[in-house]
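Colleague: Starting from these lines, generate the structure:
(chains A, B and C)
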Amino acid sequence: MQKTNSGNFFEDFKLGQKIAHATPRTLGQGDQALYTALYGSRFALQSSDAFAQTVGLPRAPLDDLLVFHTVFGKTVPDISLNAVANLGYADGKFFKHVFPGATVSAHSEIIGLKENSNKQTGVVYVRTDGLDEKAERILSYVRWVMVRKRDAAAQVGAPHIPELPDAVAPEDLRLPPHLNFDTLFEKTLSGSSHLWNDYEIGETIDHIDGVTIEEAEHMMATRLYQNTARVHFNQLSESKSRFGRRLIYGGHVISLARAISFNGLANAFTIAAINSGRHVNPIFAGDTVFAWSQVLDKWAFPHRRDLGALRLRLVATKNLPCASFPDRDEKGEYPQDVVLDFDYWAILPR
Amino acid sequence: MQKTNSGNFFEDFKLGQKIAHATPRTLGQGDQALYTALYGSRFALQSSDAFAQTVGLPRAPLDDLLVFHTVFGKTVPDISLNAVANLGYADGKFFKHVFPGATVSAHSEIIGLKENSNKQTGVVYVRTDGLDEKAERILSYVRWVMVRKRDAAAQVGAPHIPELPDAVAPEDLRLPPHLNFDTLFEKTLSGSSHLWNDYEIGETIDHIDGVTIEEAEHMMATRLYQNTARVHFNQLSESKSRFGRRLIYGGHVISLARAISFNGLANAFTIAAINSGRHVNPIFAGDTVFAWSQVLDKWAFPHRRDLGALRLRLVATKNLPCASFPDRDEKGEYPQDVVLDFDYWAILPR
Amino acid sequence: MQKTNSGNFFEDFKLGQKIAHATPRTLGQGDQALYTALYGSRFALQSSDAFAQTVGLPRAPLDDLLVFHTVFGKTVPDISLNAVANLGYADGKFFKHVFPGATVSAHSEIIGLKENSNKQTGVVYVRTDGLDEKAERILSYVRWVMVRKRDAAAQVGAPHIPELPDAVAPEDLRLPPHLNFDTLFEKTLSGSSHLWNDYEIGETIDHIDGVTIEEAEHMMATRLYQNTARVHFNQLSESKSRFGRRLIYGGHVISLARAISFNGLANAFTIAAINSGRHVNPIFAGDTVFAWSQVLDKWAFPHRRDLGALRLRLVATKNLPCASFPDRDEKGEYPQDVVLDFDYWAILPR
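Modeller: Numbers count the residues shown, from 1 in each chain, chains lettered A, B, ... in the order given. So this is what the prediction gives:
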């Protein structure tokens, strides 16, 4: 009897299939400490219990992306062990803050399948819910991923591509419970005086700083999330791959770019939604990451004077400072220095 | 007055000598978080408080090997600072789970001494007990190690080699208190449907995955255990050694191989005993570790329907996938790609 | 409106200016676990809750230097983002132990300014207080740093150099509350039988061990402290610098040397003061750090039989063992192998 998991292939997935993923994970203060050491994140809400308490929370919540990557990691053994490429994210919603001591688990549903014309691969669309130990939803998102077929000759069902929104509608954004900036918020402590009111649609921000990635860092991060995708860990096999190198987990780049974006967006405390995201080029140890942001939209929560949301596009590059905001060309093609195009809603004090 | 510790030499040890080792260590959730980041361990019992509570424990225990390496680390300044080689382990028993917040310390007794014929070195056999803050035994094991003599001419006592069992008798295995799989165990969460009943004596499992080791990782791990063996840290001196490189701590390889063995042994939650262990070849940063296991024996705990033990042999290689189960030849010689041969009892739900 | 922080330049600072620094930080057991993994620190007081409780504390305090580096890190975005060199420390006092769960923040005052004759740079003297969540002072120190001018033509005020003591007077040392070595102190557990009485003024100690630094380690450490100084992280820009390499944060070297000094000073549990400190040569990944200490002074706390203080000079080198105590020459010039000259008061059981 086969004891090991070699992962699912494209023809193994069925439309509507539900998967409960393995290995629930209790995240604690130690995980947040490692997250800080890996990215240097400085958002005051996640950094300080005392600060979090002044704005209504019981203590500092875990970084939203630490939670996101942990949920994502649980899906890898079932969804993407035989993936060729992680193609995109959509319709990601964060429902509440997660605090140290919570146990995170993940459930998924296959919501779309489309074989590629070469019959070698197909695209799997999956919606994943992250749950806490009370089985309450923490977050929910869709990703699609190109997965190899075990057998090119295998028959598969009719293609089904799900309808996915370009962005989460701001009316659908959920404010984390208890968060309240009406009172004691000290801008000095957060590192910036720029609040929601100070940002304009269309505005771009070069986050200036660059950070070089080491092999030990991205592997420790990816293991922290219990993400087992092989391309990140095995230099022996990757030395024979197209790139000859271990690939860095895309989520590592999202977190690094988000931490770099503190310089310019220090009050963008909480991620409320992931509208879309693409890892547009691979990135490797030794590369230096830079980032810039653009304000795509603004939303003032009704009945709240204290909080607003910004829709932000976070673009990360490798080995290219972002003073000139490197971007897609007219045909939508990305320069090879751009590695990430990530569209999200963040919540800021107004 | 000499303030620094240069370690004991072979002639410093006396048969029956007892040593209380320095630096008690409180292990917490942060240590477990680092352990996860270093090895990617995914055993549900250690990963999730909620899962641990469904099987009778107050919360997730620390990884057994994190505790073992911590106890081992305490012995290094007294036992093996002048070691040439760590030769083997035997008769290792784990008495109970250790939970975050426990303080671990170590006591040892010299149970055997044998000078080598070259008079330059000798073998020290030592039994070490790991204790918690209530002075209760957590674990106990024997290791033997080749230690340099300070002075080849020094007279030493008659050789004494202790009787050591080939393996811990299954009747002697101690079940961790409170562990109970009779009730709510969800196989989906653990990552495998294969329970004790599904494994057969003689069965071999290739754990498939390979993981490359970086210098920063093995040094951080070894320091986490407060293990001060010099060969792991000092490239300046090691550059002049036989290998020209920093050696990786053997325990790092055990933990990496154990984490890799999750893929095939996801329900082997708890280590009950270390029967024997040998680091048969050195391993260095840049090497990629693979592992395979063999079921050597099975034991059904009397009066328990829910739990059984498997005696497992865990073999790790460097830069060689294990699909063909690389092993000793007829003469008992290991190929140079094999780095670890580790024999242990694990506890599984039946 | 400029959203990003490019840091202050010399002409931006005013004598007497007070700065509340951003990003309070709650330090927890996970941060201490990382600190242990990064440096291998083994001082029993910080390592073990049980040991700390035998000497009067509620639990193990965080490492003093973890707290110091965290406070220091908060000052970087305001003080030294445009620094050419960190020139020195003085008059550093530690007022109390900090325990996991405390939230650390930092306030500074500009106490001295002196433009350099080249008009390109000037020296900024700053006193920084580290505070806890009750706004009680944890520590206080002065550093001075050479900062670039934005505009060489900018007019600046008259030079003012503050009076700074060569060393903190022993009468001013503050004993951490509750610490008491009268009773149950077990020397076996601390790793050394050498107490305050056993050290003599003038005595030198070679700490023997060497530790090689990796890029991933110093970057993780520096991010753990939320220190954003660019020279540590960005290989793309540093490749064009004078050294062609990322510089290692000086505090990383202090912590490494302090951990190495355990071998010879195992009972020097607590840092009471930083008298002075200089990073006399740069150090890079791949370098191996060694250290030696000299006893400069001794102080017996009045009304206390159990505790004394040693004034210690901790000298660290790169790629040079310290058996011959490498030091300044008669002209006060350091050999290029010496990287740190650090003068501090430590508290020991008498």
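
Colleague: Residue A:325 is in contact with residue A:292, correct?
Modeller: Yes: using CB atoms under 8 Å, residue A:292 is in contact with residue A:325, at 5.2 Å. Placement of C-beta: from N, CA and C, glycine included.

Colleague: okay, the two: which has more neighbours?
Modeller: residue A:292 (25 against 13; other CB atoms under 10 Å in any protein chain shown).

Colleague: Once you drop chain neighbours, what's closest to the more buried one?
Modeller: residue A:322 (3.9 Å; CB to CB, 6 or more residues apart in numbering or on different chains).

Colleague: In which helix or strand does that neighbour reside?
Modeller: Using DSSP states H and E, residue A:322 sits in no helix or strand.

Colleague: Give the burial count for it, as a bare number.
Modeller: Counted with other CB under 10 Å, the neighbours of residue A:322 add up to 24.

Colleague: And residue A:47, by the same measure?
Modeller: Residue A:47: 26 surrounding residues under other CB under 10 Å.

Colleague: And for residue A:6?
Modeller: Neighbours of residue A:6 using other CB under 10 Å come to 12.

Colleague: That one contacts residue B:208, correct?
Modeller: Yes: if you go by CB under 8 Å, residue A:6 and residue B:208 touch, sitting 7.2 Å apart.

Colleague: could you list every residue that touches the residue nearest to residue A:292?
Modeller: Going by CB atoms under 8 Å, 6 or more residues apart in numbering or on different chains, residue A:322 touches A:206-208, A:290-292, A:315.

Colleague: Could you tell me which residues touch both of residue A:292 and residue A:325?
Modeller: Common neighbours of residue A:292 and residue A:325, using CB under 8 Å, 6+ apart, are A:204, A:206, A:315.

Colleague: my read is the last one is in a helix, agree?
Modeller: This means residue A:315. No: read with DSSP: H, G, I helix; E, B strand; the rest coil, residue A:315 is strand and lies in no helix.

Colleague: who touches it in this structure?
Modeller: A:257, A:291-294, A:322, A:325-327, A:338, A:340-342.

Colleague: which ones among those are found in helices?
Modeller: Among the contacts of residue A:315, DSSP state H puts residue A:257 in helices.

Colleague: Is there a quick PyMOL command that grabs whichever of the contacts of residue A:315 are buried?
Modeller: Those of the contacts of residue A:315 that count as buried under 16 or more other CB atoms under 10 Å in any protein chain shown are selected in PyMOL with:
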select buried, chain A and resi 257+291+292+293+294+322+326+327+338+340+341+342
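
Colleague: Out of the contacts of residue A:315, which is nearest to chain C?
Modeller: Chain C has its nearest neighbour among these in residue A:293, at 9.1 Å by CB to the nearest CB.

Colleague: Name the nearest residue to that closest one, ignoring sequence neighbours.
Modeller: residue A:205 (4.8 Å).

Colleague: Verify the contact between that neighbour and residue C:3 for me.
Modeller: Yes: using CB under 8 Å, residue A:205 makes contact with residue C:3 at a distance of 5.2 Å.

Colleague: And these two? Which one has more around it.
Modeller: The residue with more neighbours, out of residue A:205 and residue C:3, is residue A:205; 23 against 19, by other CB under 10 Å.

Colleague: and that one, helix, strand or coil?
Modeller: Relying on three-state DSSP, one would call residue A:205 strand.

Colleague: In contact with it, which residues?
Modeller: Applying CB under 8 Å, 6+ apart, the residues near residue A:205 are A:261, A:264-265, A:292-294, C:3-4.

Colleague: Recalculate using a threshold of 10 Å.
Modeller: A:194, A:199, A:261, A:263-265, A:291-295, A:312, A:314, A:322, A:325, C:2-4 (CB atoms under 10 Å, 6 or more residues apart in numbering or on different chains).

Colleague: Please, where are all the strands along the stretch 51-200 of chain A?
Modeller: Listed in chain order, the strands of the stretch 51-200 of chain A (DSSP state E, counting those that start in this stretch) span A:83-94, A:103-115, A:121-131, A:137-148.

Colleague: what about those, which gets the closest to residue A:219?
Modeller: strand A:83-94 (17.6 Å; CB to CB).

Colleague: and for residue A:6 and residue B:208, which residues touch both?
Modeller: A:81, B:263.

Colleague: Run through the stretch 1-150 of chain A and note the low-pLDDT ranges.
Modeller: Filtered on pLDDT under 70, the stretch 1-150 of chain A yields the residue ranges A:1.

Colleague: Give me the nearest residue to whichever residue of the stretch 51-200 of chain A sits closest to chain C, chain neighbours excluded.
Modeller: Closest to chain C within the stretch 51-200 of chain A is residue A:191: 3.4 Å, counting by CB to the nearest CB. Excluding the flanking residues, the one nearest residue A:191 by CB to CB, 6+ apart is residue C:22, at 3.4 Å.

Colleague: That neighbour: neighbouring residues, count only.
Modeller: By the measure other CB under 10 Å, the count of residues near residue C:22 is 25.

Colleague: Residue A:305 touches residue A:197, doesn't it?
Modeller: No: between residue A:305 and residue A:197 there is no contact under CB atoms under 10 Å: 11.1 Å.

Colleague: tell me, what's touching these two both at once?
Modeller: Listed contacts common to residue A:305 and residue A:197 are residue A:350; contacts here mean CB under 10 Å, 6+ apart.

Colleague: Tell me what angle the longest helix along chain A forms with strand A:83-94.
Modeller: Using DSSP H, we find that the single longest helix of chain A is helix A:64-79. Following axes from the mean of the first three to the mean of the last three CA atoms, to 10 degrees, one obtains 140 degrees for the angle between helix A:64-79 and strand A:83-94.
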